[in-house]
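Student: Build me a model:
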Amino acid sequence: MHEGVISTSRLELHHISAEGLIELFENKSDELAIADRNFSNPLKVLIDEPGPLAWRVPQVKEDPLINKWFVRFIVLKEENVVIGSTSFHGAPDAQGMMEIGLGIETHYQGKGFAKESLLGMWRWVSESEAVKTLRYTVSPDNLPSIAVIKHFGFDFVGQQMDEIDGPEDIYEMSTSEFIQRWGE
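Tutor: All right, here's what the predicted structure looks like:
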């Protein structure tokens, strides 16, 4: 089952089924993930580089219902090709916080697709009453990603140490403020 497509001006954010995620990670195949879709994945997004799948697949195997918050292909409408992926890190936590991650393929970077993807995902998740805070974490050295989050006006709230990625700056914004600033 596919969750609804999130559409922005240039992009479609297509949810990947639990079975599709598992096949991508375990078999390095996107056959299930793109079955019956009107796009292709010539850049092998999430196949050659699994991105968040190492974390999301075990979560989905434990609780398939959590997958509604997870991985979506970022599809460029004009070309009908996958140019990246985005995913929340889980369901809203006890305080209603949602953290997101994304990746855009190199050739498509610097064209505003990250901003557009985040805007679509945050607008979608802000419709949930359970979500109170949007969070974005980024390496202090990742200047392009920091510029993206500053574009939206998120507040720097601290730093954390990620076991894999090292130090990360934490940026947050309440959903109510986000809707006021960026709602449709």
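
Student: host element of the most centrally placed residue in the chain?
Tutor: Centroid-nearest residue in the chain, with CA atoms, centre = their mean: residue 86, separated by 2.1 Å. Element membership of residue 86, judged by DSSP states H and E, is strand 81-88.

Student: now for the longest helix that the chain contains, which elements pack on it?
Tutor: Assignment by DSSP state H gives helix 113-126 as the longest helix of the chain. Using 3 or more CB pairs under 8 Å, 6 or more residues apart in numbering; DSSP states H and E, the elements in contact with helix 113-126 are strand 6-7, strand 11-15, strand 72-76, strand 81-88, strand 97-104, strand 133-138, helix 143-151, helix 175-182. Quick note: C-beta positions are derived from backbone N, CA and C, even for glycine.

Student: circling back to that earlier point, wait, the residue nearest to the centre of the chain touches residue 117, no?
Tutor: Yes - taking CB atoms under 8 Å as the definition, residue 86 is a contact partner of residue 117 at 5.1 Å.

Student: Would you mind naming the residues that bridge with the residue nearest to the centre of the chain?
Tutor: Per DSSP bridges, residues listed as beta-bridge partners of residue 86: residue 72, residue 102.

Student: Tell me, what's the model's pLDDT at it?
Tutor: Residue 86 carries a pLDDT value of 97.

Student: re the thing from before, between the longest helix of the chain and strand 81-88, how big is the angle?
Tutor: Between helix 113-126 and strand 81-88, the angle comes out at 50 degrees (axes from the mean of the first three to the mean of the last three CA atoms, to 10 degrees).

Student: So for helix 113-126, what gets flagged as buried?
Tutor: Within helix 113-126, the residues that count as buried by 16 or more other CB atoms under 10 Å are 113-114, 116-126.

Student: Show me which of those is closest to residue 55.
Tutor: Nearest to residue 55 among the buried residues of helix 113-126 is residue 121, at 17.2 Å by CB to CB.

Student: May I ask you to confirm that that closest one is in contact with residue 6?
Tutor: Yes - applying CB under 8 Å, one finds residue 121 in contact with residue 6, separated by 6.7 Å.
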